[in-house]
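Asker: need a structure here:
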Amino acid sequence: MAKKQTAGRERLGAFAPQFAAFNDDVLFGEVWSRENEMSAHDRSLITIAALISTGNTEQLGDHLRIGKGNGITREEIVEEITQLAFYTGWPKAWSAFNRAKEVWGEPEEPGGETSGAE
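Answerer: Model prediction:
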């Protein structure tokens, strides 16, 4: 089961308390917790695709981290973003790849170095 989400209250609670409550209690508390209907892994893949498709990169980093915690692998996120590139646009995919690299890091090259290292 997904851990209790409190980001709404932590980030917006004083400014927009009702919105923060909807975020934490309804979206994450009721919808995301229905893992018998859909796994958190799959919900993360869908959410990430929606954020990339609509160009909402401000929340993308958080959802990439949540997705990684829900078991999305580097290989899966690369495939997802590559697939989306052809439907949502190259610049959105490029931006998403940059955010994903921040979460998953650079893959290691043979010999222990990361690719792109100078």
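
Asker: buried stuff in the helix or strand of the chain with the lowest mean pLDDT?
Answerer: One helix or strand of the chain scores below all others by mean pLDDT, DSSP states H and E: helix 7-12, with a mean of 90. Buried residues in helix 7-12, counted by 16 or more other C-beta atoms under 10 Å: 8, 12. C-beta here means a position set from N, CA and C on the backbone, and glycine is covered the same way.

Asker: swap in stretch 56-68?
Answerer: Across stretch 56-68, burial judged by 16+ other C-beta under 10 Å covers 60, 63-64, 66-68.

Asker: now stretch 38-58
Answerer: 40-41, 43-45, 47-49, 51-52.

Asker: one more: stretch 90-100?
Answerer: By neighbour count on 16+ other C-beta under 10 Å, the buried set for stretch 90-100 is 92-93, 95-97, 99-100.

Asker: pLDDT on the one helix or strand D62 maps to, on average?
Answerer: D62 is part of helix 60-69 when elements are defined by DSSP states H and E. Averaging pLDDT along helix 60-69 gives 97.

Asker: restricting to C-alpha, output it in CSV.
Answerer: What follows is helix 60-69, C-alpha atoms only, in CSV (Å, rounded to 0.1, in the frame of the first residue of the first chain):
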residue,chain,number,x,y,z
LEU,A,60,6.9,15.8,-12.9
GLY,A,61,10.0,15.5,-10.6
ASP,A,62,7.9,14.6,-7.6
HIS,A,63,5.9,12.0,-9.6
LEU,A,64,9.1,10.5,-11.1
ARG,A,65,10.4,10.0,-7.6
ILE,A,66,7.1,8.5,-6.5
GLY,A,67,7.1,6.3,-9.6
LYS,A,68,10.6,5.1,-8.8
GLY,A,69,9.5,4.3,-5.3
